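>>> Pasted the sequence and its predicted model underneath.
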Amino acid sequence: SQILQRLAQQVRKSENTLLQAEKIATQKRFLSGKEMPQESMDEAWRILLLSQHHDCWIVPYNKLNERGNWAQNVALWTKSADSLAHEVMGKEGLLFFNTTAQPRHELVVLPEGYVEVDLPAFGSTSRYRHVSQPCKIRLTPDKAYMESNLYRLVFNLRKGGIIEQFYDKRTKTDYAPKGVGGEMGEIRGYGVANQSVSASVDEKGRLCLTNSLYTETVSLRKDNPLVDFDLDIHWKGGERVGGDSFYDTRSMLRFMLPLPMQRTQLYKSAPFDVCQSMQDHSYYTDWHDIRHNLILDWVDLYDAAHNRGFSVFSDHTTSYTWAPDEPFSLTLQYAGPGLWNRDYAIVGPSHIHFAFMPHEGKWDEASVPLFSQRWNEPVQCIEGETDAKTVSWLNLEGTGYLLSAAIPSKDSFTLRLFNAMGDESLRTVLLPAGVDRVEEVDLLGRCLKELPVSRKKEQVGVQLSMPRFGLVTLRCVFREGVEVHI
């Protein structure tokens with residue numbers, strides 16, 4: 001429903017923003033010696049945690065206080081949390097921060113246009129190169145063509161902007177062939193199938209497809225394996241979508257993704273975990289027959305016959321439809337009766353952000369969790385020295401680990417690492433040269449053991465081993481008398 005969709009988007013955005021604020025504050029501690037305003041971050045997390053209350057999600061329309069119902073309060077809480085986090089990060093500028101612990105190459109959009117940036121792992125740079133356009137776009141009366149060095153996409157304007165070709169140049173695979181159970185990119189479920197769209201290119205070099213119900217904005221960027229979609233649905237208010245069953249996703253508004261796959265396996269993210277669906281389909285119409293059809297961050301469809309997959313990333317927790325006789329589809333909207341016969345109504349336009357990534361191998365071999373983290377933690381452009389050095393403070397490249405959180409203190413910093421894709425093999429984690437010792441600590445910060453370190457000229461190495469989906473928290477203490485900042 002729209003009310004829960006907005007609530008989920010607000011909470012997801014705040015979660016990502018607060019995590020990035022702490023990571024950038026950790027890097028700023030190294031760069032300039034500036035301490036993180038801990039009270040501000042504590043308050044931001046406290047406010048955000050209010051949105052985890054059971055009633056926010058189960059009875060969002062129920063009145064909570066003089067400020068409104070639960071959903072209206074979540075909007076206020078997340079707005080306040082975001083504001084505090086942005087104060088911690090600092091004003092916008094031309095110092096580029098990477099909050100993931102792997103190097104990344106990105107096209108970043110600035111007010112003056114796109115720039116190309118090579119960012120070190122968990123670090124920053126002030127160096128960039130101007131780029132004229134993110135991809136090639138060509139428009140004809142019937143078709144729209146997009147092309148990058150990785151993909152070629154063709155949209156049929158006469159048939160609602162369906163994707164006639166989704167060609168991966170790396171594997172020479174078309175993920176949108178005809179005759180596999182529908183049309184890729186069809187928006188199904190509200191009587192708009194095949195309604196023609198007009199095409200244009202916006203000021204950011206994105207393709208915009210528009211008709212009376214929606215505007216679909218597609219972003220394709222050089223070297224980026226993710227294809228981004230922003231969907232704006234032009235609801236007037238009061239529309240009904242999905243019939244009378246709020247369990248049955250087949251009757252809801254959906255984005256169709258028929259894929260040419262055999263022996264398909266479905267994997268999806270969970271909190272510090274990845275699950276494989278063992279269900280033969282996702283349908284249910286009654287609470288007693290409930291099936292797990294939720295997407296948290298991403299879902300991955302794996303073609304076991306050809307060893308390739310197709311990942312779907314979502315900006316909020318939502319649902320999907322999938323079965324052997326039904327193409328995969330992403331749920332976009334429902335409006336109708338819900339729990340306890342409450343009317344879950346549409347009150348205005350909806351906005352949904354999602355992305356796709358074809359790949360070779362299974363989800364772990366393709367580093368899907370890392371690309372999800374990059375998508376949720378975009379490069380941040382913060383005020384700083386325009387001639388600042390390019391520096392890295394942590395490197396997890398090749399380990400299969402992700403940086404879950406980073407928190408600075410006066411003479412140390414704390415890192416929480418998550419083994420998202422790796423095995424139990426011994427891995428080397430690289431840290432700044434000024435680190436004197438590294439301790440494994442528990443969630444209360446109590447030292448469990450000190451880890452041996454190896455030293456090179458500009459780096460300290462620590463060897464770790466943990467099982468897949470394991471977590472470890474490290475406290476890295478600087479040498480006494482060493483300046484934390486550069």
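Right, received. Where do you want to start?

>>> Skipping its backbone neighbours, what lies nearest Y145 in space?
Excluding its sequence neighbours, the residue lying closest to Y145 (C-beta to C-beta, 6 or more residues apart in numbering) is R138, at 4.4 Å. No exception for glycine: its C-beta is placed from N, CA and C like everyone else's.

>>> wait, I meant V154
Q165 is the one closest to V154 (C-beta to C-beta, 6+ apart), at 3.9 Å.

>>> Which element, helix or strand, includes the one you found?
strand 162-168 (DSSP states H and E).

>>> who does that strand touch, helix- and strand-wise?
strand 151-156, strand 173-174, strand 350-360 (3 or more C-beta pairs under 8 Å, 6 or more residues apart in numbering; DSSP states H and E).

>>> Measure how buried F229 is and give me the count.
Using other C-beta atoms under 10 Å, F229 has 18 neighbouring residues.

>>> To A121, which of the helices and strands packed on strand 162-168 lies closest?
strand 350-360 (20.7 Å; C-beta to C-beta).

>>> and after the closest one, which helix or strand comes next?
Next along from strand 350-360, by DSSP H and E: helix 368-376.

>>> next one: that next one to chain centre, how far?
6 Å (C-alpha atoms, centre = their mean, to the nearest Å).

>>> can you list contacts of the helix or strand harbouring F413?
Element membership for F413 (DSSP H and E) is strand 412-419. With contact meaning C-beta atoms under 8 Å, 6 or more residues apart in numbering, strand 412-419 is reached by 26, 29, 272, 394, 396, 399-408, 429, 441, 445, 464, 466-478.

>>> what's the answer for stretch 104-123, then?
Contacts for stretch 104-123 (C-beta under 8 Å, 6+ apart): 23, 27, 94, 96-103, 125, 127-134, 204-205, 221-224, 374, 379, 381, 390-397, 403, 406, 430.

>>> Make a PyMOL selection of the buried ones in those.
In PyMOL, a selection of the buried entries from the contacts of stretch 104-123 looks like this (16 or more other C-beta atoms under 10 Å):
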select buried, resi 23+27+94+96+97+98+99+100+101+102+125+127+128+131+134+205+221+222+224+374+379+381+391+392+393+394+395+396+403+406+430
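
>>> Packing partners of the helix or strand encompassing G309?
G309 belongs to strand 308-314 when elements are defined using DSSP H and E. Packed against strand 308-314 by the contact rule (3+ C-beta pairs under 8 Å, 6+ apart) you find strand 298-303, strand 326-333, strand 350-360, helix 368-376.

>>> how about those, which one is nearest D228?
strand 350-360 (4.8 Å).

>>> How far away from the center of its chain is the lengthiest helix in the chain?
Ranked by number of residues, the top helix in the chain under DSSP state H is helix 2-32. Remark: helix 2-32 is offset 12 Å from the chain centroid, using C-alpha atoms, centre = their mean.

>>> Hey, what's the angle from that helix to helix 368-376? Just curious.
Here helix 2-32 points in a direction 90 degrees away from that of helix 368-376 (axes from the mean of the first three to the mean of the last three C-alpha atoms, to 10 degrees).

>>> quick check: angle from the next helix or strand after helix 2-32 to helix 2-32?
Per DSSP H and E, the first helix or strand lying C-terminal to helix 2-32 is helix 38-49. If you take the same axes, to 10 degrees, helix 38-49 sits at 160 degrees to helix 2-32.

>>> Which elements pack onto helix 38-49?
In terms of contacts (3+ C-beta pairs under 8 Å, 6+ apart), helix 38-49 is packed against helix 2-32, helix 70-89.

>>> Pipe those helices into CSV and attach distance to G185 and mean pLDDT per row.
What follows is the helices and strands packed on helix 38-49, written out as CSV (distance: least, C-beta to C-beta, whole Å; pLDDT from 0 to 100):
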stretch, distance to G185, mean pLDDT
helix 2-32, 20, 95
helix 70-89, 30, 97
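
>>> Tell me which of the ones you listed sits most buried.
Across these, averaging neighbours per residue (mean count of other C-beta atoms under 10 Å) puts helix 2-32 on top, at a mean of 21.

>>> between it and strand 350-360, how many degrees?
With the same axes, to 10 degrees applied, the angle from helix 2-32 to strand 350-360 works out at 60 degrees.

>>> can you pull up the bridge partners for F97?
Bridge pairing for F97 (DSSP bridges) gives the partners S124, Q380.

>>> what's the distance between it and S14?
Per C-beta to C-beta, to the nearest Å, F97 is found 18 Å from S14.

>>> Compute the distance between F155 and S311, please.
21 Å.

>>> Please compute how far stretch 467-481 lies from its chain's middle.
The answer for stretch 467-481 is 25 Å, by C-alpha atoms, centre = their mean.

>>> and if you look at stretch 438-448?
Centre to centre, stretch against its chain (C-alpha atoms, centre = their mean), the figure for stretch 438-448 is 29 Å.

>>> Just the buried positions in it, please.
438-439, 441.

>>> Make JSON lines out of these and add distance to E183.
As requested, the buried residues of stretch 438-448 are exported to JSON lines (distance: C-beta to C-beta, whole Å):
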{"residue": "V438", "distance to E183": "54"}
{"residue": "E439", "distance to E183": "56"}
{"residue": "V441", "distance to E183": "53"}
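
>>> which one of these is nearest S282?
V441 (41.1 Å).

>>> Verify the stated contact: the closest one with R475.
Yes: shown here, V441 and R475 form a contact pair, counting by C-beta atoms under 8 Å, at 5.0 Å.

>>> In strands only, show me the buried residues of stretch 438-448.
438-439, 441 (DSSP state E).

>>> Show me what L330 is bridged to.
Beta-bridge pairing for L330 (DSSP bridges): F255, Y320.

>>> what's the burial count for the residue nearest to L76 when sequence neighbours are not counted?
With sequence-adjacent residues excluded and distances taken as C-beta to C-beta, 6+ apart, L76 is closest to R67, at 6.2 Å. When neighbours are defined as other C-beta under 10 Å, R67 has 11 of them.

>>> mind checking how far R67 is from V59?
16 Å.

>>> Need the residues that contact stretch 214-224.
Contacts for stretch 214-224 (C-beta under 8 Å, 6+ apart): 105-107, 116, 131, 134-135, 146-151, 153, 155, 161, 187, 192, 197, 202, 204, 206-210, 227-234.

>>> What remains of the residues you listed if I keep only buried residues?
Buried among the contacts of stretch 214-224 (16+ other C-beta under 10 Å): 106-107, 116, 131, 134-135, 146-148, 150-151, 153, 155, 161, 187, 192, 197, 206-210, 227-233.

>>> Strands - which of those residues land there?
Reading strands off the buried ones among the contacts of stretch 214-224 with DSSP E, I get 106-107, 116, 131, 146-147, 151, 153, 155, 187, 207-210, 227-233.

>>> Check the separation of the first and last residues in stretch 234-248.
23 Å (C-alpha to C-alpha, to the nearest Å).

>>> In it, which residues are buried?
In stretch 234-248, counting by 16+ other C-beta under 10 Å, buried: 235, 239, 241-242, 245-248.

>>> Now the two most distant members of those.
W235 and Y247, at 22.1 Å, using C-beta to C-beta across the buried residues of stretch 234-248.

>>> Residue ranges in the stretch 51-200 of the chain under the pLDDT threshold?
179-181, 191-193 (pLDDT under 70).

>>> How about the residue nearest the centre of the chain: what's its closest non-neighbour residue?
The residue lying closest to the centre of the chain (C-alpha atoms, centre = their mean) is N376, at 3.2 Å. In this structure, N376 finds its nearest non-sequential neighbour in N16, 4.8 Å apart by C-beta to C-beta, 6+ apart.
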